[in-house]
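J.: Quick one: sequence plus predicted model below, questions after.
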Amino acid sequence: MSIVRRSNVFDPFSLDLFDDPFDAFSSLSESLPSETWAVVNTRIDWKETPEAHVFKADLPGVKKEEVKVEVEDGRVLQISGERSREEEEKTEKWHRVERSSGRFLRRFRLPENAKVDEVKARMEGGVLTVTVPKHEVKMPEVKAVEISG
(Lines give C-alpha, C1' and ligand atoms only; values in the text may rest on other atoms or scores of the structure.)
Protein backbone atom coordinates (compact mmCIF):
# COMPACT_ATOMS: atom_id res chain seq x y z
CA MET A 1 0.00 0.00 0.00
CA SER A 2 1.26 3.43 -0.81
CA ILE A 3 0.18 6.97 -0.09
CA VAL A 4 0.92 9.32 -2.96
CA ARG A 5 0.13 13.01 -3.52
CA ARG A 6 -1.11 13.78 -7.03
CA SER A 7 -2.56 16.72 -8.91
CA ASN A 8 -4.75 17.42 -11.96
CA VAL A 9 -8.18 16.34 -10.78
CA PHE A 10 -10.32 16.21 -13.89
CA ASP A 11 -13.67 16.90 -12.18
CA PRO A 12 -13.49 19.42 -9.33
CA PHE A 13 -17.12 18.76 -8.31
CA SER A 14 -16.88 14.97 -8.01
CA LEU A 15 -17.08 13.87 -4.39
CA ASP A 16 -17.22 10.18 -5.13
CA LEU A 17 -16.77 8.74 -8.58
CA PHE A 18 -19.44 6.08 -8.20
CA ASP A 19 -22.19 7.76 -6.14
CA ASP A 20 -23.86 9.58 -9.05
CA PRO A 21 -24.99 6.88 -11.51
CA PHE A 22 -26.19 9.38 -14.12
CA ASP A 23 -22.96 11.36 -14.33
CA ALA A 24 -20.13 9.10 -13.19
CA PHE A 25 -21.05 5.92 -15.03
CA SER A 26 -21.63 7.65 -18.34
CA SER A 27 -18.37 9.60 -18.21
CA LEU A 28 -16.29 6.67 -17.02
CA SER A 29 -17.79 3.79 -18.97
CA GLU A 30 -15.58 4.47 -21.98
CA SER A 31 -12.35 5.03 -20.05
CA LEU A 32 -12.47 2.10 -17.60
CA PRO A 33 -12.41 -1.59 -18.56
CA SER A 34 -15.60 -3.60 -18.02
CA GLU A 35 -14.13 -5.63 -15.16
CA THR A 36 -13.94 -2.39 -13.17
CA TRP A 37 -17.68 -2.39 -12.69
CA ALA A 38 -17.52 -5.74 -10.85
CA VAL A 39 -16.12 -4.00 -7.78
CA VAL A 40 -17.96 -0.70 -8.01
CA ASN A 41 -19.87 -1.69 -4.90
CA THR A 42 -16.77 -1.36 -2.71
CA ARG A 43 -18.36 0.29 0.30
CA ILE A 44 -16.53 2.94 2.29
CA ASP A 45 -17.65 4.51 5.55
CA TRP A 46 -16.57 8.08 6.38
CA LYS A 47 -16.88 9.38 9.91
CA GLU A 48 -15.62 12.56 11.51
CA THR A 49 -14.22 12.56 15.02
CA PRO A 50 -13.01 15.63 16.92
CA GLU A 51 -9.45 14.81 15.80
CA ALA A 52 -9.78 13.34 12.29
CA HIS A 53 -11.77 12.15 9.31
CA VAL A 54 -11.73 8.33 9.25
CA PHE A 55 -12.48 6.24 6.16
CA LYS A 56 -13.02 2.47 6.42
CA ALA A 57 -13.29 0.13 3.44
CA ASP A 58 -14.03 -3.59 3.53
CA LEU A 59 -11.54 -5.16 1.13
CA PRO A 60 -11.52 -8.90 1.93
CA GLY A 61 -8.96 -10.85 -0.06
CA VAL A 62 -7.11 -7.72 -1.20
CA LYS A 63 -3.46 -7.40 -0.16
CA LYS A 64 -2.14 -4.03 0.96
CA GLU A 65 0.23 -4.06 -2.02
CA GLU A 66 -2.83 -4.08 -4.31
CA VAL A 67 -4.28 -0.87 -2.80
CA LYS A 68 -3.30 2.75 -3.45
CA VAL A 69 -4.28 5.71 -1.28
CA GLU A 70 -3.60 9.07 -2.90
CA VAL A 71 -4.33 12.74 -2.28
CA GLU A 72 -4.99 14.61 -5.52
CA ASP A 73 -5.02 18.35 -6.07
CA GLY A 74 -4.51 18.97 -2.39
CA ARG A 75 -7.93 17.87 -1.13
CA VAL A 76 -9.29 14.84 -3.02
CA LEU A 77 -8.72 11.48 -1.34
CA GLN A 78 -8.56 8.63 -3.85
CA ILE A 79 -8.65 4.96 -2.85
CA SER A 80 -8.05 2.47 -5.64
CA GLY A 81 -6.85 -1.06 -6.21
CA GLU A 82 -7.59 -4.41 -7.76
CA ARG A 83 -8.88 -7.72 -6.49
CA SER A 84 -7.52 -10.55 -8.64
CA ARG A 85 -9.82 -13.18 -10.08
CA GLU A 86 -9.16 -16.75 -8.97
CA GLU A 87 -7.84 -18.88 -11.81
CA GLU A 88 -9.94 -21.88 -12.86
CA GLU A 89 -8.16 -25.19 -13.01
CA LYS A 90 -9.09 -27.63 -15.81
CA THR A 91 -10.12 -30.21 -13.21
CA GLU A 92 -12.46 -27.78 -11.45
CA LYS A 93 -16.03 -26.85 -12.30
CA TRP A 94 -17.47 -23.60 -10.94
CA HIS A 95 -21.14 -23.70 -9.93
CA ARG A 96 -21.44 -20.10 -8.78
CA VAL A 97 -19.16 -17.05 -8.75
CA GLU A 98 -20.48 -14.27 -6.48
CA ARG A 99 -17.32 -12.69 -5.09
CA SER A 100 -16.40 -9.64 -7.10
CA SER A 101 -13.06 -9.11 -8.74
CA GLY A 102 -11.48 -6.36 -10.78
CA ARG A 103 -10.48 -2.77 -10.20
CA PHE A 104 -12.07 -0.31 -7.83
CA LEU A 105 -11.76 3.45 -7.46
CA ARG A 106 -13.42 5.79 -4.96
CA ARG A 107 -12.82 9.54 -4.54
CA PHE A 108 -13.80 11.91 -1.74
CA ARG A 109 -13.37 15.69 -1.55
CA LEU A 110 -11.81 16.46 1.83
CA PRO A 111 -12.98 19.49 3.81
CA GLU A 112 -10.83 22.57 4.39
CA ASN A 113 -9.79 21.41 7.86
CA ALA A 114 -8.06 18.23 6.57
CA LYS A 115 -4.32 17.93 7.17
CA VAL A 116 -3.55 16.25 3.84
CA ASP A 117 0.19 16.07 4.58
CA GLU A 118 -0.48 13.80 7.57
CA VAL A 119 -2.73 11.13 6.01
CA LYS A 120 -2.15 7.63 7.41
CA ALA A 121 -3.46 4.31 6.09
CA ARG A 122 -3.39 0.77 7.45
CA MET A 123 -4.80 -2.57 6.35
CA GLU A 124 -5.85 -5.05 8.99
CA GLY A 125 -8.15 -8.08 8.72
CA GLY A 126 -9.38 -7.11 5.25
CA VAL A 127 -10.32 -3.59 6.36
CA LEU A 128 -8.51 -0.51 5.05
CA THR A 129 -8.55 2.41 7.49
CA VAL A 130 -7.47 5.83 6.24
CA THR A 131 -7.09 8.56 8.87
CA VAL A 132 -6.93 12.20 7.86
CA PRO A 133 -6.13 14.44 10.87
CA LYS A 134 -7.93 17.77 11.16
CA HIS A 135 -6.66 21.30 11.76
CA GLU A 136 -8.02 22.85 14.91
CA VAL A 137 -10.80 25.20 13.94
CA LYS A 138 -10.46 28.43 15.86
CA MET A 139 -13.69 30.19 16.62
CA PRO A 140 -13.61 33.85 15.63
CA GLU A 141 -13.11 36.16 18.54
CA VAL A 142 -16.11 38.39 19.10
CA LYS A 143 -15.53 41.74 20.71
CA ALA A 144 -18.46 43.83 21.92
CA VAL A 145 -18.39 47.41 20.75
CA GLU A 146 -19.88 50.00 23.06
CA ILE A 147 -22.43 52.23 21.41
CA SER A 148 -22.07 55.89 22.37
CA GLY A 149 -24.74 58.53 22.52
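T.: Cool, got the structure.

J.: All the helices of the chain, residue numbers only.
T.: Using DSSP state H, the helices assigned to the chain run over residues 24-28.

J.: low-scoring stretches of the protein, by residue?
T.: Scanning the chain with the threshold set as pLDDT under 70 gives 1-41.

J.: let's see it at 80
T.: 1-42, 84-90, 94, 97-101, 137-139 (pLDDT under 80).

J.: Going along the chain, name the strands of it.
T.: 2-6, 44-48, 52-58, 67-72, 76-83, 102-109, 120-124, 127-133 (DSSP state E).

J.: As JSON lines, those strands with distance to residue 96 and mean neighbour count would be great.
T.: Where C-beta positions appear, they are placed from N, C-alpha and C, glycine not excepted. Output for those, formatted as JSON lines (distance: least, CB to CB, whole Å; neighbours: other CB atoms under 10 Å):
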{"stretch": "strand 2-6", "distance to residue 96": "34", "mean neighbour count": "12"}
{"stretch": "strand 44-48", "distance to residue 96": "26", "mean neighbour count": "13"}
{"stretch": "strand 52-58", "distance to residue 96": "21", "mean neighbour count": "18"}
{"stretch": "strand 67-72", "distance to residue 96": "27", "mean neighbour count": "19"}
{"stretch": "strand 76-83", "distance to residue 96": "17", "mean neighbour count": "20"}
{"stretch": "strand 102-109", "distance to residue 96": "18", "mean neighbour count": "20"}
{"stretch": "strand 120-124", "distance to residue 96": "28", "mean neighbour count": "14"}
{"stretch": "strand 127-133", "distance to residue 96": "25", "mean neighbour count": "18"}
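
J.: wait, which of those is closest to residue 140?
T.: Between residue 140 and the strands of the chain, the shortest gap by CB to CB is with strand 44-48, which sits at 21.0 Å.

J.: residues making contact with the closest one?
T.: Strand 44-48 is contacted by residues 53-57, 79, 106, 108, 134 when judged by CB atoms under 8 Å, 6 or more residues apart in numbering.
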